[in-house]
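**Student:** sequence unknown, structure follows:
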């Protein structure tokens, strides 16, 4: 069953409120020709369009709503060189060579964000790479975080991490509930919607057609390639790229991809601007922060506001209960925020996969796909555009475990939502008892 893309509510996010005005792109009308038609104007689709155009080919981008409406405009703006599956787990299951290749891909992804911001001059993306602190809520999780960091340094040649004691994390966060933590260099933060709009403007400025409010309602093969049909037009192309991620069910043309994903709603809140003395006390270094709990919370300071997000919001739309739970968790970490009102509340869908990694590749001789970023998509989706362009050119880049041939469909798909609730509830219980 698909969702009605015309009836979906607006997003009440900090990013929407503070982004540069959105450029209006035309609605597709009539028939167009291209080498590649790209379904979805998020990071994946726009990066793919950029790299394909650099190859001398002609892409066209079709977006059901407007660029950045989906996950690319709803995320927390955190950039990390990781997968949900740890490199240590990759090493144990697939060997050292695969672990090192995945490590290379992860770090290439964060570099790609920096490269695109520089190439298109997206200064208002406010990209920073000041690092991320993993804050431990128990001695057990602190030992595990330190052990993982030491393994990464020893076996992957990772840049040296810094172990923080309780006082060190207090200085970093302004909170005294953590027992210690690990500071990882290279991670960072970004204004995700300004980044997305900068990509769209840059790509369009180089002659790539982008059409908004042009949902692809049908993808069909013809004798010369593939045709992407919209309510008012069509694009005939040699190849098509599906870049719709967790919003694949907006139309029937891409809904079949949703059976490979477990949509998990991620909710975020942002406070009003803090008084100057309080803003200087909380997260003064400008880094991003995560907890070690299974139902991870993350937080950062943006423009003297605390942004606080996490998994565990259920249902197809925003949930007041989820926002209330986030506020309670935020005040638990930062009691000084108890009387600070929230100004923004929003959520979006994270695309989880069964094997905890994204997938990219050819579905057939005319159709390619990249999706399933498992909550680390800002950087990884930006990189996948480069790999999609290589595949379009007929190359075979080494994508490690991301090869689409490894992608599995979700068993008992109609039961996915209650299953997610059960798993999340179990994780919340374990977190509550300190396991």
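**Tutor:** Structure's in. What do you need? Everything numeric here is computed off the predicted structure, so don't read it as measured data. Numbering: from 1, shown residues only.
**Student:** where does the stretch 301-435 of the chain dip in pLDDT?
**Tutor:** Flagging of the stretch 301-435 of the chain using pLDDT under 70 yields the residue ranges 312-318, 412-435.
**Student:** name the helices or strands packed onto the helix or strand that contains residue 168?
**Tutor:** Residue 168 is part of helix 166-173 when elements are defined by DSSP states H and E. Here helix 166-173 touches strand 132-136, strand 180-184, going by 3 or more C-beta pairs under 8 Å, 6 or more residues apart in numbering; DSSP states H and E. The way it works is simple: take the backbone N, C-alpha and C, and place the C-beta from them, glycine included.
**Student:** Any chance of CSV for the ones you listed, columns mean neighbour count?
**Tutor:** Below are those laid out as CSV (neighbours: other C-beta atoms under 10 Å):
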stretch, mean neighbour count
strand 132-136, 26
strand 180-184, 25
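**Student:** Could you dump these into CSV and include mean pLDDT and distance to residue 106?
**Tutor:** Shown next, in CSV, are those (pLDDT from 0 to 100; distance: least, C-beta to C-beta, whole Å):
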stretch, mean pLDDT, distance to residue 106
strand 132-136, 96, 13
strand 180-184, 95, 12
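**Student:** For residue 223, which of those is the nearest?
**Tutor:** Nearest to residue 223, of all the helices and strands packed on helix 166-173, is strand 132-136, at 50.9 Å by C-beta to C-beta.
**Student:** Now do the buried residues in the helix or strand following that closest one.
**Tutor:** Once strand 132-136 ends, the next helix or strand along the chain (criterion: DSSP H and E) is helix 139-151. Across helix 139-151, burial judged by 16 or more other C-beta atoms under 10 Å covers 141, 142, 145, 146, 148, 149.
**Student:** Would you mind putting these into CSV with distance to residue 253 and pLDDT alongside?
**Tutor:** Shown next, in CSV, are the buried residues of helix 139-151 (distance: C-beta to C-beta, whole Å; pLDDT from 0 to 100):
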residue, distance to residue 253, pLDDT
141, 44, 93
142, 48, 95
145, 43, 93
146, 48, 94
148, 41, 93
149, 44, 92
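**Student:** from those, which is closest to residue 264?
**Tutor:** When these are compared for distance to residue 264 (C-beta to C-beta), residue 141 wins out at 21.5 Å.
**Student:** residue boundaries of the helices in the chain?
**Tutor:** Ranges of helices in the chain, per DSSP state H, are 14-18, 43-54, 71-74, 87-94, 96-119, 139-151, 166-173, 192-205, 276-281, 320-333, 377-392, 416-432.
**Student:** for the fourth one, packing partners?
**Tutor:** The reference is to helix 87-94. Helix 87-94 is packed against helix 96-119, with contacts defined by 3+ C-beta pairs under 8 Å, 6+ apart.
**Student:** swap the cut-off to 10 Å and go again
**Tutor:** Applying 3 or more C-beta pairs under 10 Å, 6 or more residues apart in numbering; DSSP states H and E, one finds that helix 87-94 makes contact with helix 96-119, helix 139-151.
**Student:** What lies in contact with the helix holding residue 168?
**Tutor:** With contact meaning C-beta atoms under 10 Å, 6 or more residues apart in numbering, helix 166-173 is reached by 131, 133-136, 142, 162, 164-165, 175-183, 281-285, 287, 289, 299, 301, 333-334.
**Student:** Now with 8 Å, please.
**Tutor:** The contact list for helix 166-173 (C-beta atoms under 8 Å, 6 or more residues apart in numbering) reads 133, 135-136, 164, 175-176, 178-181, 183, 282-285, 287, 289, 333.
**Student:** now it: mean pLDDT?
**Tutor:** Averaging pLDDT along helix 166-173 gives 97.
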